[in-house]
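# heads up, no residue letters with this:
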């Protein structure tokens, strides 16, 4: 929490007024992010989902509006984080990925798809949802890694590698998303 707080609080060249309450809020943000991954983990594990068995590229023409929206937002956040890092605006890059995880994924997409993953029988709509969610969370972990490396590494090892076919030992060995 402290690292993320220091990265997002202000620009590196500005003075920083430390506030313990803001640090507590960052801890809540990290808990929300963790809950997003727990939600996905729980349902994907119950349905024995494997990303390699259902590649997103083969399902593109069957996506719902919500799936298309979150994939579009994912591309936007990749561009935002990358351009801010290249301009040395580390604080803006960190805010962009955190905002994406909290507002777009947790408060938006998860609420849209909740009923789809509650279905007890296997159906295509649920598989598409898992594929999209896995892709989006894979990208998010890669984008989080420079800002909260230990947390991102833990998410990579305990979620991305569990449901994917990644051979890399660390999130830092993966390609940066484009």
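Cool, got the structure. The structure presented is a predicted model; accordingly, all values stated were derived computationally and were not measured.
# how far does the longest helix anywhere in the chain sit from its chain's centre?
Longest helix in the chain by number of residues (criterion: DSSP state H): helix 20-46. Remark: helix 20-46 is offset 11 Å from the chain centroid, using CA atoms, centre = their mean, to the nearest Å.
# which neighbouring elements make contact with that helix?
Here helix 20-46 touches helix 2-9, helix 110-118, helix 124-144, helix 161-163, going by 3 or more CB pairs under 8 Å, 6 or more residues apart in numbering; DSSP states H and E. C-beta: built from backbone N, CA, C; applies to glycine.
# if you set the cut-off to 10 Å instead, what comes out?
Where contact means 3 or more CB pairs under 10 Å, 6 or more residues apart in numbering; DSSP states H and E, helix 20-46 is packed against helix 2-9, helix 90-99, helix 110-118, helix 124-144, helix 149-155, helix 161-163.
# show me which residues of that helix are buried.
Across helix 20-46, burial judged by 16 or more other CB atoms under 10 Å covers 26, 29, 30, 33, 36, 37, 39, 40, 41, 43, 44.
# can you give me the mean pLDDT across that helix?
Throughout helix 20-46, pLDDT has a mean value of 95.
# roughly how far does residue 125 sit from residue 48?
As judged by CB to CB, to the nearest Å, residue 125 and residue 48 stand 17 Å apart.
# oh sorry, the question was meant for residue 106
24 Å.
# please identify the buried residues of stretch 45-57?
For stretch 45-57, burial by neighbour count (16+ other CB under 10 Å) applies to 47, 49, 51, 56.
# and the residues you listed, which is closest to residue 114?
residue 47 (14.5 Å; CB to CB).
# these two touch, right, the closest one and residue 116?
No - if you go by CB atoms under 10 Å, residue 47 and residue 116 don't touch, sitting 11.3 Å apart.
# which neighbours do those two have in common?
126, 127, 130 (CB atoms under 10 Å, 6 or more residues apart in numbering).
# quick check, nearest of those residues to residue 15?
Here the nearest of those to residue 15, counting by CB to CB, is residue 130; it sits at 45.4 Å.
# and residue 170, how many neighbours?
By other CB atoms under 10 Å, 14 other residues sit near residue 170.
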